[in-house]
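A.B. asks: Sequence and predicted structure below; questions after.
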Amino acid sequence: MKKILFPTDLSVAAERAFIYALHLAKNMEAELITLHVYQKPEVRGGGLPHTLSEFYESYDLDEFENFKDSIPILRNIQQREGFGALSVQHLLKPGRTVETVLKVADEEQVEMIVMGTTGARGLKEIFMGSVAGEVLENANCPVLAIPEKAAFDGEIDDIAFAVNYQDEEVEAFQKVVEICRPFNAKIHCVNVDLSHAEDYRHEMDQFKGKLPAYDNTTFEVIESTDIREGLTRYMETHSVDVLVMVTHKRNFFQELLRYSHAKEMSYHCNMPLLSIPSHILG
């Protein structure tokens, strides 16, 4: 059975993102796994004093109680949205947030990770915005990042796929089709032309010829001096529900110089972003 992983910091923003996860799980006929990761305070040195051991036990118990109290809230959302029959498993794991999310995703062999992009809980200072950005860049499966202000009407009608005519995007398109088909969603293949060169625009026709058949597809080349501005303008004028981008890993020095476009969009776009990691393609 397919699986979708939903990491949650138990915030209100995460509860909103949970609705997306429910809809996707139903339409993809997948089991939904919620995951809350908590971090214990770090202690350096030798063995733990007796009082500190008691503190750790109490800390774990508090985390468990918080998690246990949040499960009925998620179940109520599940019932309210009409997904009472959907299979949902709830996991609580200690560890570093990003590493634990990625580990569980690999262990469970999930088809997708769905998570919110803002929110924090208590002193742990786990901000889902930065966590989501790191997860989408390092996951071994597609990641759907849901901004706190994203408005969801229960339907996914239009998906914009930002393309640069790369061979890996042909395989990524097939993954997009698999997600779109249950929703009968339209796929907008969009290229932002920064050079304003007529020959460059002909590459969209060549790219189109490489793609597998999907009837509900359009192809658009838009001119702009900035990729993010051009995509945002297109999404607003075409009522796009989800933006899809292929994500590339970057080494430390590249990351210092410039974030990937996908990571940048996950921080600044009020629309869900589906990241397809390039390293799982080809």
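C.D. replies: Received it, and whenever you're ready, just let me know what you need. Numbers count the residues shown, from 1 in each chain.
A.B. asks: Only C-alpha atoms from now on, for both contacts and neighbour counts.
C.D. replies: Fine.
A.B. asks: so where do the strands sit in the protein?
C.D. replies: Using DSSP state E, the strands of the chain run over 2-7, 30-38, 88-94, 112-116, 143-146, 158-162, 186-193, 217-223, 242-247, 273-277.
A.B. asks: Please name whichever of the ones you listed is nearest to residue 23.
C.D. replies: Closest of those to residue 23 is strand 30-38, at 10.1 Å (criterion: C-alpha to C-alpha).
A.B. asks: Neighbouring strands of the closest one in the sheet, and parallel or not?
C.D. replies: Strand pairing for strand 30-38, using DSSP bridges, gives strand 2-7 (parallel), strand 88-94 (parallel).
A.B. asks: Mean pLDDT, mean neighbour count and distance to residue 174 for the ones you listed - can I get that in JSON lines?
C.D. replies: Below are the strands paired with strand 30-38 laid out as JSON lines (pLDDT from 0 to 100; neighbours: other C-alpha atoms under 10 Å; distance: least, C-alpha to C-alpha, whole Å):
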{"stretch": "strand 2-7", "mean pLDDT": "95", "mean neighbour count": "24", "distance to residue 174": "17"}
{"stretch": "strand 88-94", "mean pLDDT": "89", "mean neighbour count": "15", "distance to residue 174": "27"}
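A.B. asks: Quick check: which of those strands is nearest to residue 178?
C.D. replies: Using C-alpha to C-alpha, those put strand 2-7 closest to residue 178, at 12.4 Å.
A.B. asks: any residues touching the closest one, and which ones?
C.D. replies: Contacting residues not belonging to strand 2-7 are listed as 18, 21, 25, 28-37, 101, 105, 108-115 [C-alpha atoms under 8 Å, 6 or more residues apart in numbering].
A.B. asks: pLDDT weak spots in the stretch 151-282 of the chain?
C.D. replies: Residues of the stretch 151-282 of the chain meeting the criterion pLDDT under 70: 196-201, 250-269.
A.B. asks: Which stretches in it count as helices?
C.D. replies: 167-180, 198-201, 203-210, 227-237, 252-257, 261-268 (DSSP state H, counting those that start in this stretch).
A.B. asks: next one: the longest one to chain centre, how far?
C.D. replies: Just to be clear, that refers to helix 167-180. 16 Å (C-alpha atoms, centre = their mean, to the nearest Å).
A.B. asks: buried stuff in stretch 33-40?
C.D. replies: Neighbour counts over stretch 33-40 (16 or more other C-alpha atoms under 10 Å) mark 33, 34, 35, 36, 37, 38, 39 as buried.
A.B. asks: Also stretch 169-185?
C.D. replies: For stretch 169-185, by 16+ other C-alpha under 10 Å, it's 169, 170, 171, 172, 173, 176, 177, 179, 180, 183, 185.
A.B. asks: where's the residue most central in space within the chain relative to residue 4, distance?
C.D. replies: Nearest residue to the geometric centre of the chain (C-alpha atoms, centre = their mean): residue 144, 2.2 Å. For residue 144, the distance to residue 4 (C-alpha to C-alpha, to the nearest Å) stands at 10 Å.
A.B. asks: again, but for residue 208
C.D. replies: 30 Å.
A.B. asks: Kindly report the same for residue 18.
C.D. replies: 11 Å.
A.B. asks: same deal with residue 217?
C.D. replies: Residue 217 is 26 Å from residue 4, by C-alpha to C-alpha.
A.B. asks: roughly how far apart are residue 115 and residue 165?
C.D. replies: From residue 115 to residue 165 the distance is 28 Å (C-alpha to C-alpha).
A.B. asks: and if you look at residue 132?
C.D. replies: 26 Å.
A.B. asks: neighbour-wise, which of those two wins?
C.D. replies: Remark: of residue 132 and residue 165, residue 132 carries more neighbours, 29 against 16, as counted by other C-alpha atoms under 10 Å.
A.B. asks: Return the residues in contact with that one.
C.D. replies: 115, 116, 117, 145, 266.
A.B. asks: What of residue 211?
C.D. replies: 170, 173.
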